[in-house]
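> Here is the input, now give the coordinates:
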Amino acid sequence: MAENRSSHPENSIVQPLLTDLYQITMAYAYWNTGRAQQISTFELFFRKNPFGGEFTIFGGLEEAIKYVQEFKFTSSDLDYLRSVMKNAKPGFFDYLAKLTSNEVSIFALEEGNVMFPKVPVLRVEGPLAVVQLMETTLLTLINYASLVATNAARFRMAAGPNKRLLEFGLRRAQGPDGGLSASRYCYLGGFDSTSNVLAGKLFGIPVAGTHAHSFVSSFSSLADLDRVPRGPNLPDLDRLLSAVHASLPSVRAALSCVADTNPGELAAFIAYAVSFPETFLALVDTYDVINSGVPNFCCVAVALNSFGFRAQGIRLDSGDLSYLSKRTRECFRVIASRFELPWFAQLNIVASNDINEDTLVSLKQQGHCIDSFGIGTHLVTCQRQPALGCVYKLVETDGQPRIKLSQDLEKLTFPGRKVVYRLFGSQGDALLDLLAQCDEEAPLAGTKVLCRHPLQEACRVFVVPSRVERLHKLVWDRGTSAYKFPTLVEVRRKAAESLSVLRDDHKRSLNPTPYKVSVTSALYEFLHRLWLENTPIQELS
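As a prediction, this is how the structure comes out:
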């Protein structure tokens, strides 16, 4: 299904008032002191990769630019601000009424690209008050999107490239917007489909889902099928019921069943199969997976086959998923042999049940037989790390660089407007990201480049890149979108390609090798000179 795209923010509450009050009070102070129009630059970046890893996937750019495009205070907004800021001069609200993004320029990484700590994901340039007012909203649009896309990418790597991943997180997400955003950015990060129907409509994501335990438990016996209206179903319910009765003894014998299966469960499977004969997939753990659920499914699937329909498989939602998947696969192989149905051995086994990244790693070590995973809570809530921690810092105003110092060196900012390059080695792998001042010449492929650690003087390396990629693209140019936004499918592909150029040791889940983020010699000297100039010299006596 095609993506249903709009030029407006996906959520109507994304607007200038979706911000922290101190952004408004700072804007007032800038305006009141004649500084509001100073051309300034902010950079949005983060300080540490999430989930103990060494990479992050960039998400949220398209929504961020839609917000910038629609940036305008309404009369209702201004009335509210007047009630909050009763002592502000009336002219300030007249100033806000005229504000737009027509003097703002934004440079950014492409959405879906891998990004690393300290690398400016966005560079926002424009009048000081305007670009200050954008801080909180840009952060909220990019923080969660990038976090959940990264989480999805990690789940994808843990599961392996050939497993089908289904996002089931809507009911556990932090509200409707969290659920919708999660579906979008989990797909970006590598999931194959979602249970979220609205996300399917809006973003063109394939939707998936069958039934819950409630559907199974709503049936108590085969007599419940007597009340089902007969109609033009294919297959006909009565004929399917007869075929199930005919297959039941031989299926039970083939699977060595020693006890009767649950009749209500069997009735539920028949009812679902007659409703969805081409996509029949049953939840088999309502009562007993091996002694009831799987045998009942096999009876209905064998019966369906006699009408020319192939069942799709089963879902496990509790218990020892590795053990149950192996036992289920063996049952499928037995039925495939007994009834001469080779495709039966390859039926889809779906597993859910509060799965996290560690669960996927453990299941792989145990040699499970699961084909697809339905994952919700740990994926969309990012329980392992609930926030990314992007920040938005002033690096230049009126052509003068700005630096923020801290006793915590991690919070030291790199001053001045910067551009970032990705340097690639002869094998095609990304070697490092290089930060440079905007007026420096770009590094060239085949030419030796000195790359320095931004803080450690002796930590430096010469690199002769086989390829150099400038990562920053102009995406918003003084009132006009300067970038043709790709579809979600294209962004998803970009994320996969971007991850593919990282070495495996950067991507492993346990003790990954840190990816290098370096600075040019000119930026190193510039940073350290400003650092010294802005650090007070203490006097002891």
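
> Buried residues, the biggest helix by length in the chain. List them.
For the chain, the helix that runs over the most residues, judged by DSSP state H, is helix 135-159. Using 16 or more other CB atoms under 10 Å as the test for burial, helix 135-159 gives 135-159. C-beta coordinates here come from the backbone N, C-alpha and C atoms, glycine included.

> same check, this time on stretch 485-495
So, applying 16+ other CB under 10 Å, buried residues of stretch 485-495: 485, 488, 491, 492, 494, 495.

> Kindly report the same for stretch 430-438.
Applying 16+ other CB under 10 Å to stretch 430-438 flags 430, 431, 432, 433, 434, 435, 436, 437 as buried.

> Please apply the same query to stretch 26-38.
Buried-residue list, stretch 26-38, by 16+ other CB under 10 Å: 26, 27, 28, 30, 31, 36.

> got it, and stretch 276-292?
Within stretch 276-292, judged by 16+ other CB under 10 Å, the buried ones are 277, 280-292.

> Span of it from start to end?
Using CA to CA, to the nearest Å, one end of stretch 276-292 lies 21 Å from the other.

> Among the buried residues of stretch 485-495, which one sits closest to residue 253?
Nearest to residue 253 among those is residue 492, at 47.0 Å by CB to CB.

> For the closest one, give me the pLDDT.
Looking at residue 492, its pLDDT stands at 98.

> do the same with residue 532
86.

> Can you spell out which helices and strands pack onto the one helix or strand it maps to?
Taking DSSP states H and E as the criterion, residue 532 maps to helix 521-533. With contacts taken as 3 or more CB pairs under 8 Å, 6 or more residues apart in numbering; DSSP states H and E, helix 521-533 sits against strand 430-437, strand 449-452.

> could those strands be laid out in JSON lines, adding distance to residue 99?
Formatted as JSON lines, the helices and strands packed on helix 521-533 follow (distance: least, CB to CB, whole Å):
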{"stretch": "strand 430-437", "distance to residue 99": "30"}
{"stretch": "strand 449-452", "distance to residue 99": "40"}
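
> want to throw the ones you listed into TSV with mean pLDDT and distance to residue 359?
Listed next are the helices and strands packed on helix 521-533 as TSV, based on pLDDT from 0 to 100; distance: least, CB to CB, whole Å:
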stretch	mean pLDDT	distance to residue 359
strand 430-437	97	30
strand 449-452	96	39
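
> chain center to the strand or helix carrying residue 299: distance?
Secondary structure assigned from DSSP H and E places residue 299 in helix 294-305. Centroid separation for helix 294-305 versus its chain: 37 Å, with CA atoms, centre = their mean, to the nearest Å.

> same question for that helix, mean pLDDT?
Rounded mean pLDDT across helix 294-305 is 97.

> Moving C-terminal from that helix, which element do we reach first?
Counting by DSSP H and E, the next helix or strand C-terminal to helix 294-305 is strand 313-316.

> Touching that following strand from outside, list them.
By CB atoms under 8 Å, 6 or more residues apart in numbering, the list of residues contacting strand 313-316 from outside reads 210, 281-285, 289, 293-294, 297, 324-325, 328, 347-353, 370-371, 374.

> Mind checking which of those land in strands?
Among those, the ones falling in strands (DSSP state E) are 281, 282, 283, 348, 349, 350, 351, 374.

> Low-confidence regions, the chain specifically.
1-7, 231-234 (pLDDT under 70).

> From the centroid of it, which residue is nearest?
residue 149 (1.9 Å; CA atoms, centre = their mean).

> correct me, but it touches residue 188?
Yes: with contact defined as CB atoms under 8 Å, residue 149 reaches residue 188; the gap is 4.8 Å.

> what is in contact with those two at once?
With CB under 8 Å, 6+ apart, residue 149 and residue 188 have common neighbours 57, 59, 495.

> Tell me which of these fall in strands.
Per DSSP E, the shared contacts of residue 149 and residue 188 map to strands at residue 57.

> Would you convert the shared contacts of residue 149 and residue 188 into CSV that also reports distance to residue 183?
Listed next are the shared contacts of residue 149 and residue 188 as CSV, based on distance: CB to CB, whole Å:
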residue, distance to residue 183
57, 15
59, 12
495, 15
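
> of all the shared contacts of residue 149 and residue 188, which comes closest to residue 501?
Among those, and counting by CB to CB, the member closest to residue 501 is residue 495, at 11.6 Å.

> measure the closest residue to that closest one other than its chain neighbours to residue 196 for me?
Using CB to CB, 6 or more residues apart in numbering and skipping residues adjacent in sequence, the residue nearest residue 495 is residue 112, 4.0 Å away. Distance from residue 112 to residue 196, counting by CB to CB, to the nearest Å: 20 Å.

> what about the two, which has more around it?
Taking other CB atoms under 10 Å, residue 112 and residue 196 do not tie; residue 196 has more neighbours (27 against 24).

> ok, now which ones touch that one?
167, 169, 170, 179, 180, 183, 205, 207.

> Tell me where the stretch 51-200 of the chain has strands.
Assignment of strands within the stretch 51-200 of the chain using DSSP state E, counting those that start in this stretch yields the ranges 56-57, 105-108, 114-115, 122-127, 164-167, 193-194.

> Which of these sits closest to residue 244?
So among the strands of the stretch 51-200 of the chain, strand 164-167 is nearest, using CB to CB, at 28.0 Å.

> Give me the helices and strands touching that closest one, please.
helix 135-159, helix 175-189, strand 193-194, strand 372-375.

> Turn these into TSV, columns for distance to residue 540.
Putting the helices and strands packed on strand 164-167 into TSV (distance: least, CB to CB, whole Å) gives the following:
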stretch	distance to residue 540
helix 135-159	39
helix 175-189	53
strand 193-194	63
strand 372-375	59
